[in-house]
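Asks: Would you be able to build a 3D model of this:
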Amino acid sequence: MNLFEVYSLFPVNIVRGKGCKVWDESGQEYLDLYGGHAVISIGHAHPHYVEAVSRQVATLGFYSNSVINRLQQNFAERLGKASGYDDYSFFMINSGAEANENALKLASFHTGRSRVLSLRKAFHGRTSLAVEVTDNPKIIAPINANNHVTYLPWNDLEAAKAELSKGDVAALIIEGIQGVGGIQVPTDEYMQGLREACTANGTVMILDEIQCGYGRSGKFFAHQYNGVRPDLITVAKGIANGLPCGGLLIGPMFKPVAGQLGTTFGGNHLACAAATAVLDVIEQERLVENAAAVGEYLLKELKGIKGPKEVRGRGLMIGMEFEEPIKELRKRLLFEKHIFTGVSGTNVIRLLPPLCLSKAQADRFLESYSEVLE
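Replies: Just a heads-up that it's a prediction; the model follows:
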C-alpha cells in the first residue's frame, strides 16, 4: 500500500531533533525556524518533556472520559493562571480544527443562530465547520459549502459592524494574527471595535489562537496586545509540543449541557502530561519573554535588510512579503544554508521557530538570509 500523496514534500527525511535544530538521516544539521507549523513550542526533545511523557505512558496512556481524570483539571488550572483566563472553563480535544469546530457549535447552541462571520484569507482548519470559515475555495468540498459564512475584509471595522448589526450572526471568528493569510496583524481599534459590536448584537466572539497563541507573539495570547477578552478561545499546535492536543477556553457566559460536546481521545492522560510539561518549561525558562525579546530583535534586523516588500509580525511569528514568488528563495535557504522556513501563499516567507530560539541562532539566520538575497 502506498501513501495517499496530498503533500508537496521536500526530499529530506528528518530523524532527530534537539532544541531549535533537527538532523536528517545522513546526519546533516538544520536550523528549524518553522517548528513543524508552529507546533514545537519548547524545542525538540526537551529533557523535562521527554521524562514527563515517558513516565506517563509507562503508567497510563489512555482511559476514556467516562471516568475522572485529575490530570485534566490540574492542567486546566495551570493554563488558566498562565494565560490570565482562570475564570474560564476548558474543554480538551485533539486538534485546532476540532477546537474551532466545537467553538462554532457552542456559539450556535448559545445564540440559536446559524450565520457566521469570518475574515478574508482566514484559515481555521479542514474539518466540516472549520473549513467553511476558511477562505480557500480549493479545500471547501461541495458538501461543506452551506453558504452561511460571510468573509469580511481585514481591519475594516465598518464592514464588520454592518454585518453584525443585522442581528442574525451566531459567531465572529478571527485569528489573533493571521498565519496562513500572510502574518497579518490586527489593529487595536479594529479588535476593540469588533468586541464592542459583538457584545451589542449578541454575537459570540471567537479568537483562534491556534498558531499565534501559547506565547508565540510575545504574550500568552496574541489578542492580549489589543486589550480584548473574547468569549471563546481556541488553542492547539504548541500546547503539547507535537502530541495531538487542542482545547477550547470557554467564557463564564456559557453553561455546560451534558452530552452536548464530547470526544474520544481528547484530554487523554498522555496528552495532559505532555501539555503540563510544556507549561512547566514555558514558565521555568521564561519562553514567552524570550519570544518577545528575540522576536523584537529579529523584526528590527529584518526590516533593515533590502529585498522584501514588507516585514511584519509579533514575537516569533514573522512574515517577509516579496513582490515575486519565494519558492526558490525558500529552497536555497533549506538546501544551501540548511534552514527550515515556512511559506504563506506564494510570496511570504513565514518564520515560526520554537520559542527557545536564541539570539545567536537568530543571527545565523540573518546572515544566511542576507547572503541568499544578495
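Asks: separation between the residue nearest in space to the middle of the chain and I177?
Replies: The chain has Q211 as the residue nearest its centroid, 1.3 Å off, counting by CA atoms, centre = their mean. Q211 sits 8 Å away from I177, going by CB to CB, to the nearest Å. For the C-beta atoms, the positions are set from N, CA and C on the backbone; glycine is no exception.
Asks: Look up the residues that both of these two are in contact with.
Replies: Both Q211 and I177 are contacted by M317, under the criterion CB atoms under 8 Å, 6 or more residues apart in numbering.
Asks: The residue nearest to the centre of the chain contacts I183, doesn't it?
Replies: No: contact criterion CB atoms under 8 Å: Q211 and I183 do not qualify, at 9.8 Å.
Asks: Now the common contact residues for the two.
Replies: By CB under 8 Å, 6+ apart, the residues touching both Q211 and I183 are I177, M317.
Asks: what about the helices in the stretch 151-300 of the chain?
Replies: Shown for the stretch 151-300 of the chain, the helices assigned by DSSP state H, counting those that start in this stretch span residues 157-164, 188-200, 269-284, 287-303.
Asks: would you turn those helices into a markdown table with distance to L351 and mean neighbour count?
Replies: Formatted as a markdown table, the helices of the stretch 151-300 of the chain follow (distance: least, CB to CB, whole Å; neighbours: other CB atoms under 10 Å):
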| stretch | distance to L351 | mean neighbour count |
| --- | --- | --- |
| helix 157-164 | 29 | 16 |
| helix 188-200 | 23 | 17 |
| helix 269-284 | 19 | 21 |
| helix 287-303 | 7 | 19 |
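Asks: so can I have JSON lines of those helices showing distance to S128?
Replies: Converted to JSON lines, those look like this (distance: least, CB to CB, whole Å):
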{"stretch": "helix 157-164", "distance to S128": "22"}
{"stretch": "helix 188-200", "distance to S128": "23"}
{"stretch": "helix 269-284", "distance to S128": "23"}
{"stretch": "helix 287-303", "distance to S128": "33"}
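Asks: So what's the residue count around R216?
Replies: 33 (other CB atoms under 10 Å).
Asks: hang on, the earlier thing: mind checking how far the residue nearest to the centre of the chain is from L261?
Replies: 23 Å.
Asks: before we move on, what about G227?
Replies: 29 Å.
Asks: Ignoring the adjacent residues along the chain, who's closest to the residue nearest to the centre of the chain?
Replies: G179 (4.0 Å; CB to CB, 6 or more residues apart in numbering).
Asks: now do A76
Replies: Using CB to CB, 6+ apart, the nearest residue to A76 is F90, at 4.0 Å.
Asks: Is that neighbour part of a helix or strand, or is it coil?
Replies: strand (DSSP: H, G, I helix; E, B strand; the rest coil).
Asks: Burial check on K331, number of neighbours?
Replies: Neighbours around K331, by other CB under 10 Å: 12.
Asks: if we look at the one helix or strand it maps to, which residues are touching it?
Replies: Using DSSP states H and E, the element containing K331 is helix 327-335. The contact list for helix 327-335 (CB under 8 Å, 6+ apart) reads 10, 12, 30, 322, 339-341, 343, 346, 349, 368-369, 372-373.
Asks: buried subset of these?
Replies: V12, Y30, F322, I339, F340, T341, V343, I349, S368, Y369, V372 (16 or more other CB atoms under 10 Å).
Asks: can you tell me which of those residues are in strands?
Replies: Per DSSP state E, strands hold the following members of the buried ones among the contacts of helix 327-335: Y30, I339, F340, V343, I349.
Asks: Turn these into CSV, columns for distance to H148 and pLDDT.
Replies: Formatted as CSV, those follow (distance: CB to CB, whole Å; pLDDT from 0 to 100):
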residue, distance to H148, pLDDT
Y30, 44, 98
I339, 42, 98
F340, 38, 97
V343, 31, 95
I349, 35, 97
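Asks: need the longest strand for the protein.
Replies: Per DSSP E, the chain has its longest strand at strand 169-175.
Asks: Tell me the helices and strands packed up against it.
Replies: For strand 169-175, the packing partners by 3 or more CB pairs under 8 Å, 6 or more residues apart in numbering; DSSP states H and E come out as helix 96-111, strand 115-119, helix 157-164, helix 188-200, strand 204-208.
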